[in-house]
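**Student:** Sequence and predicted structure, then a few things I'm wondering about:
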Amino acid sequence: MKKISRRNFLHASALAGAALMGSLAAPAAFAEETPAAAGVQPIARDLGWKTVSDTVYSYGALDNVLLAHRSDVVIPTYYIFAGRKTQQEAVDLVENQLQMMGNVNEWGGSVYVISPIGDRYTEADVQALKDLVARAAKNVKVIGIDEGATFVNNELSRQCYFVAGVMTWGGEMSADAQLSDCLPAYLSNAGSTAKAAYRAANRGHGPLAVTVTGSDANLAEAFRNAWDKVFSRNYRMHNSVTEFYNLPLDGRNFNGTVMEGAFDYDLCPLPQFDRSRVYVTGLSAGGAHSFYMGLAYSNVFAAAAPISGVNAMDDEIAQLDLSQVHEIPLLYICGDHDYFQMIPVDGSSPYGMSLLTDGQVSMWADDPHTHIWSAIQAYRTVNGLPLTEMDMTANPYYGIALDDQRWATLGDKEMYTGTLSNDKGVMIELAAVKDLAHWNYAPEAEYVYDFFKNYSRDLETGEPIVHDPTILEQFADWCGDVADDISTRLGL
């Protein structure tokens, strides 16, 4: 991706939690800032613990003004199944036996100790967990101890798509139990059946889908090893098709929002900085700001590419005088399994929140900021493209009859894409990636760059310039040939 560094990306990353300059690829795995389990002293019990229900007790670091300087997508939430517990027993388990309070406080996390609904854990407890997880299915860590480990192995494993990792202590696993998806696991004092099942489920799913086994002397040692070897190395945006993501370099969030005046076009006076090729892209809330900034600063940006962008700036876009906005190319990419269900644009997605809650909750129905139709219509307007009513028969994801609609390949995923053009050329591309959840997908970076390089901005008139990509490729080849020739002549 060296060529991306030669172009100027403004990655509007507000609240997206994974800001990158010059690339959309997921950063390297976090492996250096693992907090010691005893690094932070526990909060007094009467301040920290709550009774959620007759069977659930919880502790939340953020409830005790222990602020986390990290994106909420990487903050761990622990769900512990260890048989029937009183609140006092639950507190003792977490603070003294597992000794995990330092970790929870350091990371601004939460803990839920969950007793069975009936005499023992059953499939009903899986549904209760899904109801409890609800809108926080971003970094779910499950700990199963003894009968709780048996529950994790035999019941939860059948619907584990939203779980980022498990730690089990003891327990059993039935020979006919089968994991529904890969699931990173630390198995302490586990039997051979469980070890074989997790290894089989995780095989071939990449370096983050690991199965680590241990013979720890106590629960505290098991938790420390589970954190170091499994829990600290990934988070997961729930999906029926597996998506794991490395932690950002230090897990920390860019604390702020993109506002008018927050960037200065004169910050880059260097002669090698090509002001005609400044672009804006961002993920999630950063995508919302990319939608807005592309229109609000159309004299600055040569193109915009919201990635899994919501429409949280819809009011600000509605206040713009679109007749004064320059034409600006738009690339929008979203996964069909996105948690926020932006596509299909009519809200009919069965995935994301609807999948997690078995259709009981829809992010699209609950949050109008997931409705991207008005933003797309704004870009159609400024680019002089005819407006049409939403027609899902014309395109199953975007409700618009796009030109050159086709299935393509993006990395190892399928993508349905199409374009809209005016007299200058292609001005809008809308793409839907199959089996992609709400986060950065590395192959998108090069795809975004390949879109951006086709456009520049006339600095005098503010109008966009559309470049023939074949000419650009021929020029790049010519430059390479010249460089090779010079190197040969100089004997380099």
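**Tutor:** Yep, it's here. Numbers count the residues shown, from 1 in each chain.
**Student:** Show the average pLDDT along stretch 204-221.
**Tutor:** Here stretch 204-221 scores 93 as its mean pLDDT.
**Student:** unless I'm mixing things up, A201 is touching M173, no?
**Tutor:** No: using C-beta atoms under 8 Å, A201 makes no contact with M173, being 11.7 Å away. C-beta: built from backbone N, CA, C; applies to glycine.
**Student:** and V466, how many neighbours does it have?
**Tutor:** By other C-beta atoms under 10 Å, 18 other residues sit near V466.
**Student:** One more: F151?
**Tutor:** So F151, with other C-beta under 10 Å, has 28 neighbours.
**Student:** For the closest residue in space to it that isn't next to it in sequence, give its distance to H371.
**Tutor:** Among residues not flanking F151 along the chain, Y121 sits closest, at 3.6 Å (C-beta to C-beta, 6 or more residues apart in numbering). Distance of Y121 to H371, given as C-beta to C-beta, to the nearest Å: 39 Å.
**Student:** any idea which helix or strand carries V280?
**Tutor:** V280 belongs to strand 278-283 when assigned by DSSP states H and E.
**Student:** so after that strand, what's the next helix or strand?
**Tutor:** helix 285-296.
**Student:** Going along the chain, name the strands of the stretch 151-300 of the chain.
**Tutor:** Taking DSSP state E, counting those that start in this stretch, the strands of the stretch 151-300 of the chain run over residues 163-169, 185-188, 211-214, 235-236, 244-245, 278-283.
**Student:** where among those is the average confidence lowest?
**Tutor:** Mean pLDDT per stretch puts strand 244-245 lowest among the strands of the stretch 151-300 of the chain, at a mean of 60.
**Student:** got any ranges where this structure has weak pLDDT?
**Tutor:** 1-47, 64-72, 135-137, 237-272, 469-492 (pLDDT under 70).
**Student:** let's see 50
**Tutor:** 1-46, 247-265, 267 (pLDDT under 50).
**Student:** What distance do you get for the spatially most central residue of it to G335?
**Tutor:** Centroid-nearest residue in the chain, with C-alpha atoms, centre = their mean: W439, separated by 2.5 Å. For W439, the distance to G335 (C-beta to C-beta) stands at 8 Å.
**Student:** Same question for R233.
**Tutor:** 22 Å.
**Student:** quick one: which of these two has more around it?
**Tutor:** Higher neighbour count among R233 and G335: G335, with 29 against 21, using other C-beta under 10 Å.
**Student:** quick one: the more buried one and E444 touch, right?
**Tutor:** No: counting by C-beta under 8 Å, E444 is not a contact partner of G335; they are 9.9 Å apart.
**Student:** related to what we said a few turns ago, I figured the residue nearest to F151 hits E155, correct?
**Tutor:** Yes: counting by C-beta under 8 Å, Y121 touches E155, with 6.5 Å between them.
**Student:** Can you list the strands that the strand holding V280 pairs with?
**Tutor:** strand 8-11 (parallel), strand 303-307 (parallel) (DSSP bridges).
**Student:** In the stretch 301-450 of the chain, what residue spans correspond to helices?
**Tutor:** Remark: helices assigned in the stretch 301-450 of the chain by DSSP state H, counting those that start in this stretch are 314-318, 353-356, 363-366, 373-382, 443-452.
**Student:** what's the domain layout of this protein?
**Tutor:** As recorded under automatic domain parsing, the domains making up the chain are 2-25+254-475, 45-245.
**Student:** quick revisit: compute the inter-axis angle for the strand holding V280 and helix 443-452.
**Tutor:** Relative orientation of strand 278-283 and helix 443-452, computed by axes from the mean of the first three to the mean of the last three C-alpha atoms, to 10 degrees: 150 degrees.
**Student:** Neighbours of the spatially closest residue to N225 that is not a sequence neighbour, how many?
**Tutor:** The shortest distance from N225 to any non-neighbouring residue, by C-beta to C-beta, 6+ apart, is to G214 (5.4 Å). G214 has 17 neighbouring residues, counting by other C-beta under 10 Å.
**Student:** If G214 is in a bridge, with which residues?
**Tutor:** In this entry, G214 is beta-bridged to S188, by DSSP bridges.
**Student:** Alright, I will stop here.
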